[in-house]
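Trainee: Have a look at this prediction, sequence included:
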Amino acid sequence: MSKKIVIIPTYNERENIEEIIRAVFALQQSFDVLIVDDNSPDGTASIVKNLQANEFKLNLHILERQVKNGLGTAYIEGFKWCLKNDYEFIFEMDADFSHNPNDLPKLYEALCNGADVSIGSRYKTGVNVVNWPMSRVMLSYFASAYVRFITGLEIRDTTAGFVGYRSRVLSTIALDEIKFRGYAFQIEMKYTAHKHGFTIEEVPIIFTDRTKGESKISNGIIQEAIIGVVSMKLKSFFKKYEKL
């Protein structure tokens, strides 16, 4: 079993799921894959289980959830499964190829070279986003600036969803206390890792918007991020963080 695993949450990703799984397994470096599927009505889980049974028995895994309950809870369940199964390097990425699997070795290399958390960053070296309308680019870019202002984080891409963790980070963070379910979950995880004193490194990537399937972002998710960041910061004054 590889010590490295990629968690990919899915909901209605039948158009992308087989291709993304094969792309990860085609890498020269060995990564296992864990799919966390939220009961996709389009049969995403069936495609995964067919690949698991016929081709990737040892390296492809799936957690099937009964309801669609948010990105954050999907990752939390995935993190717990990976820790239980003794993975040392745990990565998260989207199923739609907005995160290029070919960048996984770069995130892994950053962890091997001393980082506790590695971030596939769209804004480390400018704005590296393809196929997004300018309004979406501006929203994302200034959202990260807003988060930096509120939290004091020095991360350029605070909302990034392409992230690698050493297992000790996820073992230290009280995962059941992570409250956000949407994209603000990504902010909360980075902020919590920072408060615990873990080393965070951004790795430049090019982010390409999906060409197949539908985006899951909504106004509610955006509002959670805007309002929730202030609440998260205020609550942090009353929490104790284990420092390494």
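Mentor: Ah, there it is.
Trainee: right, and N59 touches R22 too?
Mentor: No: look at N59 against R22 with Cβ atoms under 8 Å: they stay out of range, at 11.8 Å. Placement of C-beta: from N, CA and C, glycine included.
Trainee: So for those two, which sits in the more crowded spot?
Mentor: The neighbour count for N59 versus R22, taken as other Cβ atoms under 10 Å, is higher for N59 (18 against 14).
Trainee: beta partners of the closest residue to the more buried one other than its chain neighbours?
Mentor: Spatial nearest neighbour of N59, excluding adjacent residues (Cβ to Cβ, 6 or more residues apart in numbering): D32 at 4.7 Å. Note on D32: beta-bridge partners by DSSP bridges are I5.
Trainee: Can you list the buried residues in the host helix or strand of I47?
Mentor: Using DSSP states H and E, I47 maps to helix 44-54. By neighbour count on 16 or more other Cβ atoms under 10 Å, the buried set for helix 44-54 is T44, A45, I47, V48, L51, Q52.
Trainee: how about JSON lines for these, with distance to I206 and pLDDT added?
Mentor: Shown next, in JSON lines, are the buried residues of helix 44-54 (distance: Cβ to Cβ, whole Å; pLDDT from 0 to 100):
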{"residue": "T44", "distance to I206": "26", "pLDDT": "96"}
{"residue": "A45", "distance to I206": "30", "pLDDT": "96"}
{"residue": "I47", "distance to I206": "27", "pLDDT": "97"}
{"residue": "V48", "distance to I206": "27", "pLDDT": "98"}
{"residue": "L51", "distance to I206": "27", "pLDDT": "97"}
{"residue": "Q52", "distance to I206": "30", "pLDDT": "97"}
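Trainee: got the phi/psi numbers for the closest residue to T172 other than its chain neighbours?
Mentor: Leaving aside its sequence neighbours, T172 sits nearest to H196 (Cβ to Cβ, 6+ apart; 5.6 Å). Backbone torsions for H196, taken as degrees, to the nearest 10, come to phi -80, psi -10.
Trainee: Burial check on H196, number of neighbours?
Mentor: By other Cβ under 10 Å, neighbour count at H196 equals 16.
Trainee: try A160
Mentor: Other residues near A160 come to 26 when the count uses other Cβ under 10 Å.
Trainee: show me the contacts for it.
Mentor: I119, G120, S121, R122, Q186 (Cβ atoms under 8 Å, 6 or more residues apart in numbering).
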